[in-house]
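Novice: This is a predicted model, with the sequence first.
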Protein chains: 2
Amino acid sequence: MDPRVEDHADVIVDHSVGIEAGDEVLITASPEAEDLVVALEERIGERGAQSVTLGGSSRGRRAFMRAMDPDDYDEPPAALQALVEEIDVAIAIRSARNTNETGDVPPEKNAAYSKLMKPIQDAYMDKRWVGTQYPAPGNAQDAEMSTEAYEDFVYDAVTKDWDEQREFQANMVEILEGADEVRIVSGDTTDVTMSVAGMNPVNDYAEKNLPGGEVFTAPVPDSVDGEVLFDMPLMAQGREVEDVRLVFEEGEVVEFEAAKNEEVLAAVLDTDPGAKRLGELGIGMNRDIDRFTYNMLFDEKMGDTVHMALGRTIDENVPDDSDLEGNDSAMHMDMIVDMSEDSYIEVDGEVVQRDGTFRFEDGFEG
Amino acid sequence: MDPRVEDHADVIVDHSVGIEAGDEVLITASPEAEDLVVALEERIGERGAQSVTLGGSSRGRRAFMRAMDPDDYDEPPAALQALVEEIDVAIAIRSARNTNETGDVPPEKNAAYSKLMKPIQDAYMDKRWVGTQYPAPGNAQDAEMSTEAYEDFVYDAVTKDWDEQREFQANMVEILEGADEVRIVSGDTTDVTMSVAGMNPVNDYAEKNLPGGEVFTAPVPDSVDGEVLFDMPLMAQGREVEDVRLVFEEGEVVEFEAAKNEEVLAAVLDTDPGAKRLGELGIGMNRDIDRFTYNMLFDEKMGDTVHMALGRTIDENVPDDSDLEGNDSAMHMDMIVDMSEDSYIEVDGEVVQRDGTFRFEDGFEG
């Protein structure tokens, strides 16, 4: 086995979710990721924990989604709900031989399936969980890389010094704590403002996402105004959507277009009321992720980018003791803006990042 | 996809477990069996049922078993128990790239793991369930066949006319119903008697095993006396055990030997008290299974054989309204005797099969 798979398993088990004796661990993995599952099982046994492995394949999910009638289902399998209630830890491993595997599922069925499975997603969020990547050939292909080069990319990104990264990102958390208005400007295509007042900025140093490397918060519902061109492509429902342009008024998308697969975007926006509103604002700060790989787990952490997500807010962003509410949508779709040139982030009227360089870094020009 | 995979899925869904709207189906499958999982998911969706797929790999199980300390565990994962309670149907698909994958797990750990997982096995038995085979390369290798020839073998065996087979086997069920003593004699190495009085003989026409093709019942505990040479090899804990010879007195194994891997046999017998007693007597009646393939799911159904299992009794063999008890062991290990030559089965003093030919067939010579 590639020794880096062992290192990856160590980071998951020791850093991200901290597995201890007696823990019940759910692993979800497609067939491609077997090596990482093996390395995890060894560590789970060593620590006196136990595991259950869910092995859904994207081909199987496609077959089910195409065959089903969404009207036949009110809730996800009770068996899956019962299982998820009992676990302490969830490790979700992504990997694909073909990332377009669900590309010919009708968008409305895809959206209905996401909605159906929402209670399961919600239940994961209450556990110690991590989502990570196994460098499978399909993901390498998406990244326009050989499988071997992609392995290097993935393992460099997941086995870095997370303590150092945490400290670097703490500077951005400090700026957002107690802040009110955030403004994102890029070229003449993006100028959007939103309030983050009262929300908790989160320092993601690879606990729930591996790789981690972003600071994210949530906009106050109804506070988002302006327009954004997401100039990095994104994958939705197995299809590439390019140059998404959204116009927000009082928090809601009132105008949308996309240069490619606009109908997918339309279906996503139509999932539920929350799908037309932002649920997250994130700032990518992981400079070891130095290229776009058509994989949001990595792309959203890239240095010199910000991302905004339509849909669900991560619970941690909303303080328990506040009257604020996050976005409760069934979906969560991240979209990225390149901030490396002719761009800036303003917090309460002060520029905190210009052309990718933060105020707390050398070379910053306010 | 091979159209025979579709046929196989049809037999599972329509004949073996009868999937209906609202059913919650648990599929267990290793990565090799993905095609069959895809075909099943399609049918599950068409019928308005839902599924959960457990995807344990044998490499993962090996890593866990080797790393764990059996003393750390009292029961299987609560999450798995909760899941199994909620399902209506369990479909267990066997397939392997390497059937020796757990061959270097210490036998005592293997036995401890079986014991730990027994409540899960018991829970499956209360559901509509089927165990079947996907023709993976490792299984073909065990069978000493090319993968393509093995595919032919498997699909011929699973897609046969099960109504016709049921009628053929009903003749043997009739003989065993109301019978008391069964005697099995083969050459000068096997002569064993046991009582089956009060037990339910079961006609296996591919409901719980696919392929099916046997009639099986359970011996009354303490009634087994005599000696048996199981002259067909068997796989236990990932190892081949050859020429198992057992001597029974008052139901218990009082003497044992094996020509190869005797220590594996010893570990199996030591699992728990029930492991030293028979739990099943089966008569193989599927003549489409015409060769030994080192796979008990097929081997035990072969024409011209009988098999006996150490360990657990299948619940159906013990009538609900009787005082009889079956064997409650954590394990169940089938072992086969070739009955094609110099052999006979006697029921209450009458020969009912000689040299593989049944009393209800042409060519029988009492």
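Specialist: Sure, I can see it.

Novice: How about chain A: which residue is closest to chain B?
Specialist: Using CB to the nearest CB, the closest approach of chain A to chain B is made by residue A:55 at 1.5 Å. C-betas here are computed from N, CA, C, even on glycine.

Novice: contacting residues around that residue?
Specialist: Shown in contact with residue A:55 (CB atoms under 8 Å, 6 or more residues apart in numbering or on different chains): A:28-31, B:29, B:31, B:53-56.

Novice: If we use 6 Å, what do you get?
Specialist: B:53, B:55 (CB atoms under 6 Å, 6 or more residues apart in numbering or on different chains).

Novice: what do you get for the one 4 residues further on?
Specialist: Contact analysis of residue A:59 by CB under 6 Å, 6+ apart lists A:101, B:38.

Novice: Which of the three states applies to it?
Specialist: Here residue A:59 takes the helix state, with states given by DSSP: H, G, I helix; E, B strand; the rest coil.

Novice: picking that back up, could I get the pLDDT score of the residue of chain A closest to chain B?
Specialist: pLDDT recorded at residue A:55 is 86.

Novice: quick one, domains of chain A?
Specialist: Domain segmentation of chain A under automatic domain parsing yields A:3-158, A:162-358.

Novice: Need the nearest residue in space to residue A:232, chain neighbours excluded.
Specialist: Nearest residue to residue A:232, sequence neighbours excluded (CB to CB, 6 or more residues apart in numbering or on different chains): residue A:336, at 3.9 Å.

Novice: Tell me both backbone torsions, phi and psi, for the residue of chain A closest to chain B.
Specialist: phi -120, psi 50 (degrees, to the nearest 10).

Novice: Can you name the residues that contact residue A:5?
Specialist: A:35-36, A:39.

Novice: Name the nearest residue to the most centrally placed residue in chain A, ignoring sequence neighbours.
Specialist: For chain A, residue A:297 is the residue whose C-alpha lies nearest the centre (CA atoms, centre = their mean; 5.3 Å). Using CB to CB, 6+ apart and skipping the chain neighbours, the partner closest in space to residue A:297 is residue A:133 (5.6 Å).

Novice: Does that neighbour touch residue A:94 like I think?
Specialist: Yes - applying CB atoms under 6 Å, one finds residue A:133 in contact with residue A:94, separated by 5.1 Å.

Novice: Tell me which of the two has more neighbours.
Specialist: residue A:133 (27 against 19; other CB atoms under 10 Å in any protein chain shown).

Novice: got the buried residues for stretch A:77-96?
Specialist: By neighbour count on 16 or more other CB atoms under 10 Å in any protein chain shown, the buried set for stretch A:77-96 is A:77-84, A:86-96.

Novice: what does stretch A:99-108 give?
Specialist: Across stretch A:99-108, burial judged by 16+ other CB under 10 Å covers A:99, A:101-103, A:105, A:107.

Novice: Stretch A:323-333 too?
Specialist: When neighbours are counted by 16+ other CB under 10 Å, the buried residues of stretch A:323-333 are found to be A:324, A:326-327, A:329-333.

Novice: which pair in these spans the largest distance?
Specialist: Within the buried residues of stretch A:323-333, A:324 and A:333 form the most distant pair, 21.7 Å apart (CB to CB).

Novice: got the residue ranges for the helices in the stretch 51-200 of chain A?
Specialist: Per DSSP state H, counting those that start in this stretch, the stretch 51-200 of chain A carries helices over the ranges A:58-67, A:78-86, A:107-116, A:118-125, A:137-142, A:147-158, A:162-176.
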